[in-house]
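A.B. asks: Predicted structure and sequence below. I'll ask about it afterward.
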Amino acid sequence: MATTSKRNLREEIHRSLEDKTLQRAITSAMDTLFERRKGALESIDFEGTRREARRLKEEALEHNPELLEQLIKTVEGYGGKVFLAKDAEAARTYIADLAVEKGVKTVVKSKSMVSEEVHLNTALEEEGIEVIETDLGERIIQLAHERPSHLIVPAVHKTKDQIIELFARTMGVENPPTEAEDLTRLVRDDLRPRFMKADMGVTGANFVLADTGTLVIVENEGNARLSTQLPPIHVAITGIEKLIPSMEQLGTFLELLPRSGTGQLLTAYVSLITGRPSTDTIDMGRANAGQVTEREFHLVLVDNGRSEAREDPELREALYCVRCGACLNACAPYNQVGGHVYGVDPYPGGIGCAWTWITKGPDSAKEINGLCTTCSRCTEVCPSMIDIPWLNTVIKQRNNERLGMKLRDRVFARADLLGDVSSPFAPLVNAAMKTPMAKISMGSIGIDRTRKMPEYVRGTFEDWFQERGQVTVRQPRRSAAMFVDCFINHNKPYVGEAAVQVLERVGVKLELAHNECCGRPALSQGALDKPRAWAKKNIERLHRLVQEDKDILFIEPSCLSSVRDDYRRLLENEGDEMLRKLDDIEERSWDVTEYFLHLVKEDKLDLHLRPLAETFVVHGHCHQKSLGIGSVPGEALRLIPEAEVIDVNALCCGMVGSFGYKEEYSELSRAIGQRLFDKLNAHEGTVVASGISCQSQIGEGTEREPKHPMEILIRAFA
Amino acid sequence: MSTPLTEAFAERMQSVGGRISYTTAEALVETLDGLVERDRPVLFTPELRDLARQLHDAGHEAYVGTREGVAEHSEAEFEEVLERAGTGVSGSLLGISSTGSIAVGPGGGNGGLLIAFPPHSIIVLQADSLRKNLAEALPEIERRFGEIGGEVVFVSGPSRTADIEMLSVVGVHGPTGLDVVIVDGKEA
């Protein structure tokens, strides 16, 4: 239920993390879904298909008003009734009134998130009508008086043992069976007679074809089949954004939805229902027999904020969601705490935050907004290519505007400034940051005081580069400029130094880009103005370099991800010329390790690397993965003779910039990290991580000292 | 007649728990006779009226579920027959090889119940109606929408769930068993 009272999110996160049963249930389910999805996608061109899906969704939403008009005409033409519900109350009132008017005593429902969104069950129950959820997961949730915690597996947070106990308590079964198969049978047998006597069936619809008025319902259990076939009244409730023009567009979505959701090529049943031919109803002893003699069909199309979101250039893309849940399965915080922490009214996760904003308003979305770390893993898997981290950044910015930005977040937003101020007094600042006074101040503004703050060094990377003067590169084959990362510059200049030395050995003539901060630290706090200004400056600067035929190299994958992904969003309204320049820059932008590997392959370089008979345990950076270069660090290290390279497959380190430093999330951050630490600690050797915040998190969690791939490579060149 | 399309279809259908039989048009009744649940009503979709009659003649309690929602060959009430039915037999519009699916157009009315309500479902598929993928199948379905009577269901295996600890269970609200009979396939 929606709560307007202030929640103690930190406490709720803590409780979820302490609940070992919940942890076990979610972790294993998410891993299973993630793997099944990967397997199912092998048979299609995922990137090509989702680009097409995105285009189709954009087009359909663009023409939504016309499609709505066409659909209403078609459905009414074949004798169905259409109700356009402007908000949740209108939707639930229409259906409740209809049920009362038709003498309905029992309603069977198949899974519908929109019905959860409008709190349909409550409205029906208030009229004394019995509502039976028939999807197994939804039925479990209903019996437990809970809310669904996942878009497609609503009871994913429950273990089998808990379900056995629940059935014993609520279904009057003395010794419930213990196998999943028998538990399923128990529910089937319990629900069969209810299906037969139900007076109304309520379903959702995954897609609605505007030209033929066809509902497309994707399901596995057969309950949507029975809910639409047995009762004399079928009510379908869905959002207005589910309209697509015709069957022509459907194929693309059917290729993606089941694969992304459950990892199936197609679900057991995909029903395409058009119209309700006026047939006799089947009388199995239902309450409203005789009252409804001709089958009835009602289509309730819910707006509830969607039209407004359609007009909103930033939030609009949330409406492309097909509710497959793949983003949840990829989300590190969701994997750790499950859905309920998100308030689930009813949409969880990062996408849920946007949907909560759209359907319930800013206040409801505020609480869960910070749970998105903007790591971008969801964008890799979304079949509609929704930039969920961006949606959360925008919402953060709007909340900052409405409610003011926290002092702490303002501090985190200015990584550039902190570095500039601190570096000259590095020893002093480092010592000061460890004093009890500093810890108290940190705590008072909401920074976890047990966290070690990154230490500053006196000589920056930029100083080092300038001071060493002119360097002659033997056989120069490329010219490139280094994009200087705030943290490498002020905290870990030796990483930059290693990168410069490695690249010079393979014939790259380097200079510094003299850039502004990429903007990510500020974007993560929902501050958009500064990053926008920096982005413009950086684009001018980097574009000049590109015109001089220079490549642009990024040591920190997060900076590269900002320039490639976020700048486009930030500068959408700055005119075509700016975006053209950005295109040019993107074409010449590289992650340093990716660039190194590219040169070695492209120019068939014989490196004569020194053997390093060591083990390297590699953690992939989230932004490297989202940029499609996740395998690059491991590949580069495998060029070293005798090196043993192990890629650990973990979600995320959990730090993600400032996320792990915030007091309300630091426990969650550490819990996410723990899964990575365990995987890393299973191997001896040197831990390798490309991200500076990944390095801090891993350093703290494993007491090992992670290295950037460039730091290893330079040793092999020595 | 075994083709790459039938083989790929059969493999995918079997991987989700569907059983495959191959037969010829002449031997179809005999094949069905061996597959249907004994001693319980068998319900056919209207386009398989002839098969229903032949199975009825062979001693089965066979009915046709029609648009009007009543059963032929008997004074029996549709509701009563449906509740007792062991097997629903349905024809199909086409099969999709790449996903292992069959498009069933249950002839409008209450025909759609026959593939979902009885515990055992049999779908008859003509081998030459197999299409490579959804992209080939959907335009054809669209063209035939009018004659189909408004409802098409893509069936890919018996009903299933994984709502309890992601454990795969076959047989939820729909059938527990699905037999696909490929007509004019190999092993005739």
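C.D. replies: Nice, I can see it. A quick note: this is a predicted structure, and the numbers were derived from the prediction, not measured.
A.B. asks: Just give the number of residues close to B:Asp50.
C.D. replies: Residue neighbour count, defined by other C-beta atoms under 10 Å in any protein chain shown, stands at 12 for B:Asp50. Just so you know, the C-beta spots here come from the backbone N, C-alpha and C atoms, and that holds for glycine as well.
A.B. asks: doesn't it fall inside a helix?
C.D. replies: Yes - under DSSP: H, G, I helix; E, B strand; the rest coil, B:Asp50 sits within a helix.
A.B. asks: do you know how far it is from A:Glu667?
C.D. replies: 69 Å (C-beta to C-beta, to the nearest Å).
A.B. asks: before we move on, what about B:Ser21?
C.D. replies: Look at B:Ser21 and A:Glu667: by C-beta to C-beta, they are 57 Å apart.
A.B. asks: give me the residue from chain B nearest chain A.
C.D. replies: Per C-beta to the nearest C-beta, B:Gly174 is where chain B lies closest to chain A, at 2.4 Å.
A.B. asks: Spit out the contact partners of the residue nearest to that residue when sequence neighbours are not counted.
C.D. replies: Taking C-beta to C-beta, 6 or more residues apart in numbering or on different chains as the measure, B:Gly174 lies nearest to A:Gly222, with 2.4 Å between them; neighbours along the chain are not counted. With C-beta atoms under 8 Å, 6 or more residues apart in numbering or on different chains as the criterion, the residues that contact A:Gly222 are A:Ala268, A:Tyr269, B:Ala116, B:Ser159, B:Val172, B:His173, B:Gly174, B:Pro175.
A.B. asks: Next, count neighbours for the fifth one.
C.D. replies: What that stands for is B:Val172. The number of residues packed near B:Val172 is 26, by other C-beta under 10 Å.
A.B. asks: Pretty sure it sits against A:Glu219.
C.D. replies: No - the pair formed by B:Val172 and A:Glu219 falls short of the contact definition of C-beta atoms under 8 Å, at 9.8 Å.
A.B. asks: Alpha carbons of stretch A:481-498, in PDB - could you do that?
C.D. replies: As requested, C-alpha coordinates have been extracted for stretch A:481-498 and formatted as PDB (Å, rounded to 0.1, in the frame of the first residue of the first chain):
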ATOM      1  CA  ALA A 481      44.600  12.500 -25.700                       C
ATOM      2  CA  MET A 482      44.000  11.200 -22.100                       C
ATOM      3  CA  PHE A 483      40.800  12.200 -20.500                       C
ATOM      4  CA  VAL A 484      41.800  13.000 -17.000                       C
ATOM      5  CA  ASP A 485      39.600  11.400 -14.300                       C
ATOM      6  CA  CYS A 486      39.200  13.400 -11.000                       C
ATOM      7  CA  PHE A 487      40.000  10.500  -8.800                       C
ATOM      8  CA  ILE A 488      43.000   9.200 -10.800                       C
ATOM      9  CA  ASN A 489      44.300  12.700 -11.000                       C
ATOM     10  CA  HIS A 490      44.100  13.500  -7.300                       C
ATOM     11  CA  ASN A 491      44.000  10.100  -5.600                       C
ATOM     12  CA  LYS A 492      45.700   7.500  -7.800                       C
ATOM     13  CA  PRO A 493      48.000   9.200 -10.200                       C
ATOM     14  CA  TYR A 494      50.100   6.100 -10.500                       C
ATOM     15  CA  VAL A 495      47.300   4.400 -12.400                       C
ATOM     16  CA  GLY A 496      47.400   7.200 -15.000                       C
ATOM     17  CA  GLU A 497      51.200   7.000 -15.100                       C
ATOM     18  CA  ALA A 498      51.100   3.300 -15.800                       C
END
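A.B. asks: The nearest residue to A:Cys559 once chain neighbours are set aside: helix or strand, and which one exactly?
C.D. replies: Once flanking residues are discounted, A:Cys559 sits nearest to A:Cys518: 4.0 Å by C-beta to C-beta, 6+ apart. If you go by DSSP states H and E, A:Cys518 is not part of any helix or strand.
A.B. asks: tell me the phi and psi of A:Cys518?
C.D. replies: Here the main-chain torsion angles of A:Cys518 (degrees, to the nearest 10) amount to phi -60, psi -20.
A.B. asks: Residue of chain A nearest chain B, please.
C.D. replies: Scanning chain A for the residue nearest chain B gives A:Gly222, at 2.4 Å (criterion: C-beta to the nearest C-beta).
A.B. asks: Now B:Val180: phi and psi?
C.D. replies: The phi and psi values for B:Val180, taken as degrees, to the nearest 10, are phi -110, psi 120.
A.B. asks: Based on its surroundings, how many neighbours for it?
C.D. replies: When neighbours are counted by other C-beta under 10 Å, B:Val180 comes out with 25.
A.B. asks: what do you get for A:Gly469?
C.D. replies: Residue crowding around A:Gly469 was assessed by other C-beta under 10 Å; the count is 6.
A.B. asks: Next, it: secondary structure please.
C.D. replies: Secondary structure of A:Gly469, reduced to three states by three-state DSSP: coil.
A.B. asks: and the gap between it and A:Ala513?
C.D. replies: Here the distance between A:Gly469 and A:Ala513 works out to 18 Å (C-beta to C-beta).
A.B. asks: Please apply the same query to A:Ala535.
C.D. replies: Distance of A:Ala535 to A:Ala513, given as C-beta to C-beta: 14 Å.
A.B. asks: ok, now A:Pro493?
C.D. replies: In this structure, A:Pro493 lies at 16 Å from A:Ala513, with C-beta to C-beta as the measure.
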